[in-house]
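Engineer: Below are the sequence and a predicted model for it; my questions follow.
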Amino acid sequence: LGKHTSSHIARLFSAKMPGGFTQSAARSLLQTAYGLGPQRQDALLLAALTMEPASRLPSEAEAKAWLDSVSQAYAKSSGIAYTAASASGGGGSVGGAVFNSAEFDKAQREQREHVLQQMQVLARYAGVDLREGARSSESTSAEKQGLQSKLDRIEAEFGTALVEGTKPLFDQRKARRYDSSWNWARQEAVEWVYSILAGRGQPSHDQASDSARLHALANRSTPALLSLVAATISAMGKSSGELSRQAVAVAKRIHGACKEALDSAPVYKEFSSPMHPVTRISLKGVVEYSETPRENEPSFVEYVQHMQSEVAAGDPPLLHLKEKAKRGGTWTYNPELSRVYFGALEQMSTAGVSFAGKTALVTGCGRGSIGADILRGLLAGGAKVIATTSSYSRKTTLFYEEMYRERGARGSELIVAPFNQGSTADITALVEYIYSDVSGSKGLGWDLDFVIPFAAISEVGSDITGLNSRSELALRIMLTNLLRL
């Protein structure tokens, strides 16, 4: 047999024969029952490939019957005749001496029974229970069947989505810690200056983008960073040329901003351009959504000013907060709450907001989520944050590493840990990890200032007629276990 014919024959036995009836068993049967040698067996098995059963044979008896039909067809096509002894159960080589395999098997059984009787006599004499292992196996099997039955009932009652969705994920040994803002600041400053010097990064005409980049560096200012930038300026000061002049100018801006911010707490400041949604329907009926800059609002400052201005005399601002009345339950405009809200927005877009010395827990902050933007703001403001993810992987940790590299301010810290908010065990373990300060516990020992829970699963498109296991999991994650947390 060659490589391919061997694999085909192996597939035949694995796919179409009952468990236990292996190729080895078939060859043994061909040897003892028909007296066929190895080469004749190979030829017969090749012929068997052309007579493959349509489906898996259910029992060993049917497999033997099939092999007998193949043997007869092979004998007929090859022009050979099995000996009378072989046909009735005898064996041997074709045309040679034969022996009665049935008698041989009987002798083997008798010998085995005799050995077992001797073992039993010796075991009784030695006080050994030969059935102890079998009884233990039977007990374990019964216990296993009971547990499987229990699991089947649980899955039938709660559904696969809920059962699988509550598996614990938290493991503090997998927690990844990012706190080297000083290192990323050095790298960012050097990359910015030398990219201009090499002609790869001309100074940007986008003032907001440059301001945001400069602010991020200032947030990570350290004496070592100032020394590095000063040395860079000194080294390039002797060079001539337009690129050197531009690079020195950028380096001086970095040095000035970092020196000014050295003794100040890092702050989160909003530099984004306000956008407004645009929805169009094409001639083919396709809905196209996009966002474009808002008119007359080049920065977030103008946006806040416009939002708090009155639409008409005596009317509340376009954007405002309401308060529910204690009696009647009606919602009415609350000027004081609205002023507090706009005051926070103005501070965020002008002086900035500092979270230095604060600690926070953010869940559900994956790529493209609202939680991820909140996490960026907290890190930019100098907070220490533990972020959880239910899809813990190398790709996920790289996403958070890149986020910290871009936004992590001086004194900030980001810890990423696997966590499933559908699991009560995970909630208990996470809270213990955050608050535990016992020696040897390897806990964080934090006392959280903020808990920002965004963990959720989508139930978009479902209604009351489609309540299922996933619906219960969604309620558990976004309601029951949120309250537990």
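Structural biologist: Perfect, thanks for sending it. Numbers count the residues shown, from 1 in each chain.
Engineer: can you pull out the strands in the stretch 1-150 of the chain?
Structural biologist: Using DSSP state E, counting those that start in this stretch, the strands of the stretch 1-150 of the chain run over 90-92, 98-100.
Engineer: Mind telling me which of those the model trusts least?
Structural biologist: For the strands of the stretch 1-150 of the chain, mean pLDDT drops lowest on strand 90-92, to a mean of 43.
Engineer: show me what contacts Gly371?
Structural biologist: Val362, Thr363, Gly364, Cys365, Ile452, Phe454 (C-beta atoms under 8 Å, 6 or more residues apart in numbering). Heads up, the C-betas are built off the backbone N, CA and C, glycines and all.
Engineer: Show me where the stretch 201-350 of the chain has its strands.
Structural biologist: 275-281, 287-293, 322-324, 331-333.
Engineer: would you list the ones you listed in a markdown table and tack on mean neighbour count and mean pLDDT?
Structural biologist: Shown next, in a markdown table, are the strands of the stretch 201-350 of the chain (neighbours: other C-beta atoms under 10 Å; pLDDT from 0 to 100):
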| stretch | mean neighbour count | mean pLDDT |
| --- | --- | --- |
| strand 275-281 | 10 | 94 |
| strand 287-293 | 9 | 93 |
| strand 322-324 | 12 | 93 |
| strand 331-333 | 11 | 92 |
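Engineer: May I see those organised as CSV, with distance to Ala102 added?
Structural biologist: Formatted as CSV, those follow (distance: least, C-beta to C-beta, whole Å):
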stretch, distance to Ala102
strand 275-281, 85
strand 287-293, 80
strand 322-324, 93
strand 331-333, 94
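Engineer: I'd like to know which of those lies nearest to Ala25.
Structural biologist: Among the strands of the stretch 201-350 of the chain, the nearest to Ala25 by C-beta to C-beta is strand 287-293 (64.9 Å).
Engineer: now that closest one, how far from the centre of its chain.
Structural biologist: Chain-centre distance of strand 287-293: 31 Å, with C-alpha atoms, centre = their mean, to the nearest Å.
Engineer: CA-only coordinates of that strand, as CSV, when you get a sec.
Structural biologist: Coordinates of each C-alpha in strand 287-293 appear next as CSV, following Å, rounded to 0.1, in the frame of the first residue of the first chain:
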residue,chain,number,x,y,z
VAL,A,287,-29.1,55.6,3.6
GLU,A,288,-25.7,57.3,3.8
TYR,A,289,-24.6,58.7,7.2
SER,A,290,-21.7,61.0,7.8
GLU,A,291,-20.5,63.7,10.2
THR,A,292,-19.3,67.2,9.2
PRO,A,293,-17.9,70.2,11.2
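Engineer: any weak-confidence spans in the stretch 1-150 of the chain?
Structural biologist: 83-101 (pLDDT under 70).
Engineer: Please enumerate the helices of it.
Structural biologist: 3-16, 23-34, 38-49, 60-78, 84-87, 101-126, 132-158 (DSSP state H, counting those that start in this stretch).
Engineer: Need those helices in TSV (columns: distance to Val416 and mean neighbour count).
Structural biologist: TSV is the format used below for these (distance: least, C-beta to C-beta, whole Å; neighbours: other C-beta atoms under 10 Å):
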stretch	distance to Val416	mean neighbour count
helix 3-16	45	13
helix 23-34	52	18
helix 38-49	55	17
helix 60-78	56	16
helix 84-87	72	16
helix 101-126	60	11
helix 132-158	30	10
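Engineer: Please produce a markdown table containing those, extended by distance to Glu401.
Structural biologist: Shown next, in a markdown table, are the helices of the stretch 1-150 of the chain (distance: least, C-beta to C-beta, whole Å):
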| stretch | distance to Glu401 |
| --- | --- |
| helix 3-16 | 46 |
| helix 23-34 | 53 |
| helix 38-49 | 56 |
| helix 60-78 | 58 |
| helix 84-87 | 73 |
| helix 101-126 | 64 |
| helix 132-158 | 37 |
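Engineer: picking up where we left off before, of the strands of the stretch 201-350 of the chain, which approaches Ser55 most closely?
Structural biologist: Of the strands of the stretch 201-350 of the chain, nearest to Ser55 by C-beta to C-beta is strand 287-293, at 50.4 Å.
Engineer: Now do the closest one: everything it contacts.
Structural biologist: Taking C-beta under 8 Å, 6+ apart as the rule, strand 287-293 contacts Ser273, Pro274, Met275, His276, Pro277, Val278, Thr279, Arg280, Ile281, Ser282.
Engineer: pLDDT score for Asp437?
Structural biologist: Reading off the model, Asp437 has pLDDT 84.
Engineer: Might one say that it is in contact with Asp447?
Structural biologist: No: between Asp437 and Asp447 there is no contact under C-beta atoms under 8 Å: 9.4 Å.
Engineer: Show me what counts as buried in stretch 170-180.
Structural biologist: Phe170, Gln172, Ala175, Arg176, Tyr178 (16 or more other C-beta atoms under 10 Å).
Engineer: for that stretch, what is the average pLDDT?
Structural biologist: pLDDT averaged over stretch 170-180 gives 95.
Engineer: Name whatever forms a beta bridge with Trp331.
Structural biologist: Lys324 (DSSP bridges).
Engineer: Test my guess that it contacts His320.
Structural biologist: No: using C-beta under 8 Å, Trp331 makes no contact with His320, being 11.0 Å away.
Engineer: what's the closest of the contacts of Gly371 to Thr350?
Structural biologist: Using C-beta to C-beta, the contacts of Gly371 come closest to Thr350 at Ile452, 23.6 Å.
Engineer: Distance from the helix or strand hosting that closest one to the middle of the chain?
Structural biologist: In this assignment (DSSP states H and E), Ile452 forms part of strand 450-453. Its chain's C-alpha centre and that of strand 450-453 lie 22 Å apart, by C-alpha atoms, centre = their mean.
Engineer: for stretch 73-86, same thing?
Structural biologist: 61 Å.
Engineer: could you dump that stretch to PDB, C-alpha only?
Structural biologist: Extracted in PDB, the C-alpha atoms of stretch 73-86 (Å, rounded to 0.1, in the frame of the first residue of the first chain):
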ATOM      1  CA  ALA A  73     -16.200 -10.900  -4.200                       C
ATOM      2  CA  TYR A  74     -12.400 -10.700  -4.000                       C
ATOM      3  CA  ALA A  75     -12.000 -14.500  -4.200                       C
ATOM      4  CA  LYS A  76     -14.200 -14.600  -7.200                       C
ATOM      5  CA  SER A  77     -12.500 -11.800  -9.100                       C
ATOM      6  CA  SER A  78      -9.000 -13.100  -8.200                       C
ATOM      7  CA  GLY A  79      -9.800 -16.800  -9.100                       C
ATOM      8  CA  ILE A  80      -8.900 -18.200  -5.700                       C
ATOM      9  CA  ALA A  81     -10.800 -20.600  -3.400                       C
ATOM     10  CA  TYR A  82     -10.700 -20.600   0.300                       C
ATOM     11  CA  THR A  83     -10.000 -24.000   2.000                       C
ATOM     12  CA  ALA A  84     -12.900 -25.800   3.500                       C
ATOM     13  CA  ALA A  85     -11.500 -25.300   7.000                       C
ATOM     14  CA  SER A  86     -11.100 -21.600   6.300                       C
END
